[in-house]
Each structure stands twice: as C-alpha cells, then as structure tokens.
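Q: Here is a sequence with its predicted model. Questions after.
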Amino acid sequence: MSQKTILLVDDEEDILELLKYNLTREGYNTVCATTGEKALKIVGSTDLDLMVLDLMLPGVDGLEITRIIKNNPATAGIPIIMLTAKGEEADIVTGLELGADDYITKPFSPRILLARIKAMIRRKNVAPMESEEVITIHQMKIHPGRREVMVEGETIKLTYTEFQVLHYLAKRPGWVATRTQIVDAVRGTDYFVTDRSVDVQIVGLRKKLGSSGKYIQTVRGVGYRLMEKDYEKE
C-alpha cells in the first residue's frame, strides 16, 4: 500500500509538531501549513488523502477553507477532520453543513485522532464506485459521475454533503430513511451522528432545489424520503 499523505493545518507550532510526530510514527507522510492561504496552495498542488484542519486560523479560516475545497469537484473528495475548541457547537454544525467529514475537539487525544484518521482512510479506500447512472425524478436530473444536479434544465450548486444526501434518497424514491441511515450511507458507520447535522442538510437542500424541494418529505418520528410520485397532480 502506498504511503498516505495528510495535510496538517494549524497556527500553533506545538500542535503541528505533535500531530506530525504521531502520524509519521504510524507511517503517514505529512505536509504542514500554519495559514489558510498556504493550506489552499498545498491543496492545489499536492495529491492528498486527508486533511486535519484547525478552524481558528489567521486570514482564511477553517470554515472558508472547507467551503472552497468541498465546492471544487477536483478537491471535494478529500476527507476533512476539523479541529475545534470545545463549546464551538455552531462552528461544528457549520463545518458539517459545508461538507467536513468529522471533527475532534481540543484538547484532543492523539490516539483518538489516529483512530479517526485510520477509519476514514480505510473507508475511502474500500468505498465502492458509485453508479454512473443518471437519475431522473420529477424535474430533477442527478448525475453522480459529474456530481451535477439540474432542476428544469438549470444547474443547482450543492455542497459535497448535500449532493450525497440527495443522491442517497433519490436512489430509493418512496423509501423512508432514518437520520442515522442517511449519515451511515453518506459518511460511514463510524461517523459521529447527530439529528441536527442531518436536518441542516435537508433544510439546505429544500432551499436550493426551489419548487422541487417539496418532494423531500419529513416523516415525523422516523426520518426523510424523496417522494416517488407527485401526488398533487393525481
């Protein structure tokens, strides 16, 4: 197996040294950045397998870095583990909305961080290729290969995670999916799940899909489904 490369982004040198020491000892190749601007340059020029990203950075912060990476098809597949101070629930939710894959709170245990990194890289390596078949339902056309969604001929800009959620529901129209099932399918069974993180994705999807957002139904006490038929027309 080829050596995996991990980008470490933090403005605290001692944390970078701690991360670099532990990851190098486990056989990972590490690249470090102390600013958001430098991190984005590395992302654009280096083949990365994962990022560990501090949210509080001078200049371009971690949330903006996440937004840029996840909205670029060329980099959207890079897993991001956020590092955040305890109590920053709003930032955690925002990061997950933008497409971050996991988070670790400071102060953190290097062993737990290593376990999260190994699980995420393992999941990325064994994940089967998604079907390239285009899904057409209602006024929506969902192209998994291009990660593109069109509504009535107009391209809709979704975050990485929003696309994953919509694609999962669209593959099973009419079926009810619990919040846990949605997160397990999108991110893997070892991801830390909250009802809130799923709900914010659905809110964002409905808003961006416009009139087609009504087809994503809330099933009270259970979860969500994408309607198989437009019953209003029957």
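A: Nice, I can see it. Residues are numbered from 1 along each chain as shown.
Q: longest helix of this structure?
A: helix 110-126 (DSSP state H).
Q: starting at the chain centroid, how far to that helix?
A: 15 Å (Cα atoms, centre = their mean, to the nearest Å).
Q: and the helix or strand that that helix is followed by, which strands flank it?
A: Beyond helix 110-126 on the C-terminal side, the first helix or strand identified by DSSP states H and E is strand 135-137. Neighbouring strands of strand 135-137 in its sheet, by DSSP bridges, are strand 140-143 (antiparallel).
Q: May I ask you to confirm that Ala33 is in contact with Ala39?
A: Yes - using Cβ atoms under 8 Å, Ala33 is in contact with Ala39, at 4.1 Å. Quick note: C-beta positions are derived from backbone N, CA and C, even for glycine.
Q: and the spatially most central residue of the chain, backbone torsions?
A: For the chain, Gly99 is the residue whose C-alpha lies nearest the centre (Cα atoms, centre = their mean; 3.0 Å). In terms of degrees, to the nearest 10, the main-chain angles of Gly99 are phi 120, psi 0.
Q: what's the answer for Ser109, then?
A: Per degrees, to the nearest 10, the backbone of Ser109 is at phi -90, psi 120.
Q: burial measure for Ile117, as a count.
A: Using other Cβ atoms under 10 Å as the criterion, Ile117 is surrounded by 24 other residues.
Q: distance of it from Thr161?
A: 19 Å (Cβ to Cβ, to the nearest Å).
Q: try Gly213
A: Remark: distance between Gly213 and Thr161 (Cβ to Cβ) = 16 Å.
Q: Which one of these two is surrounded by more residues?
A: Thr161 (25 against 15).
Q: Just the CA trace of the helix or strand encompassing that one, in CSV.
A: Secondary-structure assignment from DSSP H and E places Thr161 in helix 160-170. C-alpha atoms of helix 160-170 as CSV (Å, rounded to 0.1, in the frame of the first residue of the first chain):
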residue,chain,number,x,y,z
TYR,A,160,-20.5,17.8,-1.3
THR,A,161,-22.6,16.5,1.5
GLU,A,162,-25.9,17.9,0.2
PHE,A,163,-25.3,16.1,-3.1
GLN,A,164,-24.5,12.8,-1.2
VAL,A,165,-27.8,13.1,0.8
LEU,A,166,-29.9,13.8,-2.3
HIS,A,167,-28.3,11.0,-4.3
TYR,A,168,-28.9,8.6,-1.5
LEU,A,169,-32.6,9.5,-1.2
ALA,A,170,-33.1,9.6,-5.0
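Q: quick one: contacts of it?
A: Helix 160-170 has contacts (Cβ atoms under 8 Å, 6 or more residues apart in numbering) with 70-71, 76-77, 96-99, 130, 135, 137, 140, 142, 144, 147, 149, 158, 177, 182, 185-187, 198, 201-202, 204-205, 208-209, 216, 224-226.
Q: next one: it to chain centre, how far?
A: With Cα atoms, centre = their mean as the basis, helix 160-170 stands 11 Å off its chain's centre.
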